[in-house]
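Undergrad: when you get a sec, could you give me coordinates for this:
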Amino acid sequence: MRSTRAVASDGPSNDQHTQDHDGQDEHGEDGDEHVDTLGRVTALRKSVAMTTLLDTPVPSVVDALRGERHRRPMADHHASSGLRAVLEDGIYELLAGRQLATSTIVHSSSLRDSWSVPELASSSVARLRGVLLMVLLRLLSVGVQVDAPFDDALCAWRSQSGGGQLDDAFDRLEPDELARLSTEVQAHWTTLRRALGVIPAIWQPRTGMHVSQRLAGGDVVLVDNIDLMFGSTNSRAASVTLLDVTSSPLAEGAERAMRYHALVQTLRSGVVPLRTSVFSSATGELWIGDVDHQLLMRSVRDVLEALERDWSAR
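TA: Reported below is the predicted structural model:
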């Protein structure tokens, strides 16, 4: 893992089914800034969230992720086959000849454990807050002007929602819960918007990327959802960056989720991403990891350990 940085915490406290959007290499004058220029950087798990005053210039999350163009390594098109082979061999050893009645589905949440405070993450208001924040992220990534965050997000969500548990949960909210949800969405949106800034369209931002990869003849399916991705797999230099956005404080499990995003994206596209990251709109904290062989192999071990726990409990 590479670095930790707190950005603009000013408000809240508290498959293969993917279409490939690859295109031309990004513009040569993208004005990127290397993450190290943002100030003091500490190792993962050793940082404290820092509050940035409203009138203080806020470092851009996008700039931190993109880094300086001339420092990017060449794109790695060869690692994915080796990673897949290690996964297949590990799954074969774990199964030891057993036949599974149904496929085992692995999500990033399967690896997170202490990703967030359970009682907060499972509440209806917290889940609705997360959904509405993702809608706002999608609007931001395509350049839509958001004037009333809660109302705009709610309208967009309702227009595409086909009904379900969250719709029912929203309809059952008491007036005080609805007011709390509106306030929290506004606060989290303020932090997210100030941290991300403007995302140039030439960087090909994509949101809500649903990815799945089958292993061991379909006995294991890796399923992932990447909140925001930008960059092209067609570039000579590595340029694809992955960003997970959460409305909960970051915890140790976030590291495993970051690695998992990078692993599944590598298996899907055949190209190793440049960076993987997670941003908390609750604290303004940004964790960044440069994607290399060591990080990807750690994720392979994470997946195999999760499978072993699941299968040994059956």
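
Undergrad: so which residues of the stretch 151-300 of the chain form helices?
TA: Under the criterion DSSP state H, counting those that start in this stretch, the stretch 151-300 of the chain contains helices at 165-171, 175-196, 253-269, 293-312.

Undergrad: winner for burial among the ones you listed?
TA: For these, the largest average neighbour count (mean count of other C-beta atoms under 10 Å) is found in helix 253-269, namely a mean of 25. Glycine gets a C-beta too; all of them are placed from N, C-alpha and C.

Undergrad: send the alpha carbons of it over as PDB?
TA: Taking Å, rounded to 0.1, in the frame of the first residue of the first chain, the C-alpha atoms of helix 253-269 are listed here in PDB:
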ATOM      1  CA  GLY A 253     -11.100  -4.200   5.800                       C
ATOM      2  CA  ALA A 254     -10.900  -1.300   3.300                       C
ATOM      3  CA  GLU A 255      -7.400  -2.400   2.400                       C
ATOM      4  CA  ARG A 256      -8.600  -5.800   1.400                       C
ATOM      5  CA  ALA A 257     -11.400  -4.300  -0.600                       C
ATOM      6  CA  MET A 258      -9.000  -2.000  -2.400                       C
ATOM      7  CA  ARG A 259      -6.800  -5.000  -3.300                       C
ATOM      8  CA  TYR A 260      -9.800  -7.000  -4.400                       C
ATOM      9  CA  HIS A 261     -10.900  -4.200  -6.800                       C
ATOM     10  CA  ALA A 262      -7.500  -4.200  -8.400                       C
ATOM     11  CA  LEU A 263      -7.400  -8.100  -8.700                       C
ATOM     12  CA  VAL A 264     -10.800  -8.400 -10.400                       C
ATOM     13  CA  GLN A 265     -10.100  -5.500 -12.800                       C
ATOM     14  CA  THR A 266      -6.800  -7.200 -13.700                       C
ATOM     15  CA  LEU A 267      -8.500 -10.500 -14.400                       C
ATOM     16  CA  ARG A 268     -11.300  -8.800 -16.400                       C
ATOM     17  CA  SER A 269      -9.200  -6.500 -18.600                       C
END
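
Undergrad: name the helices or strands packed onto that helix?
TA: Judged by 3 or more C-beta pairs under 8 Å, 6 or more residues apart in numbering; DSSP states H and E, helix 253-269 is in contact with helix 79-95, helix 109-112, strand 206-215, strand 220-230, strand 241-246, strand 275-280, strand 285-290, helix 293-312.

Undergrad: could you dump those into TSV with distance to residue 162 added?
TA: Output for the helices and strands packed on helix 253-269, formatted as TSV (distance: least, C-beta to C-beta, whole Å):
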stretch	distance to residue 162
helix 79-95	34
helix 109-112	22
strand 206-215	15
strand 220-230	17
strand 241-246	23
strand 275-280	28
strand 285-290	33
helix 293-312	30
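
Undergrad: pick the most deeply packed of the ones you listed.
TA: Counting by mean count of other C-beta under 10 Å, strand 275-280 has the highest mean neighbour count of those, with a mean of 27.

Undergrad: residue 245: which of the helices of the stretch 151-300 of the chain is closest?
TA: Across those, residue 245 has its closest neighbour in helix 175-196 (6.8 Å, C-beta to C-beta).

Undergrad: what's the spacing between that closest one and its chain's center?
TA: With C-alpha atoms, centre = their mean, to the nearest Å as the basis, helix 175-196 stands 19 Å off its chain's centre.

Undergrad: for stretch 144-158, same thing?
TA: The answer for stretch 144-158 is 21 Å, by C-alpha atoms, centre = their mean.

Undergrad: same deal with stretch 185-200?
TA: Centroid separation for stretch 185-200 versus its chain: 15 Å, with C-alpha atoms, centre = their mean.

Undergrad: same check on stretch 274-286?
TA: Centroid displacement of stretch 274-286 relative to its chain, using C-alpha atoms, centre = their mean, is 8 Å.

Undergrad: go on, stretch 141-159?
TA: Here stretch 141-159 is found 20 Å from its chain centre; the criterion is C-alpha atoms, centre = their mean.

Undergrad: for the record, mean pLDDT for it?
TA: The average pLDDT for stretch 141-159 rounds to 92.

Undergrad: ditto for stretch 277-286
TA: Stretch 277-286 shows a mean pLDDT of 93.

Undergrad: circling back to that earlier point, for the helices of the stretch 151-300 of the chain, which one sits closest to residue 276?
TA: Set against residue 276 and scored by C-beta to C-beta, the helices of the stretch 151-300 of the chain come closest in helix 253-269, at 4.2 Å.

Undergrad: returning to that earlier point: looking at the helices of the stretch 151-300 of the chain, which is nearest to residue 136?
TA: helix 175-196 (5.3 Å).

Undergrad: any weak-confidence spans in the stretch 201-314 of the chain?
TA: Counting by pLDDT under 70, the stretch 201-314 of the chain shows no low-confidence range.
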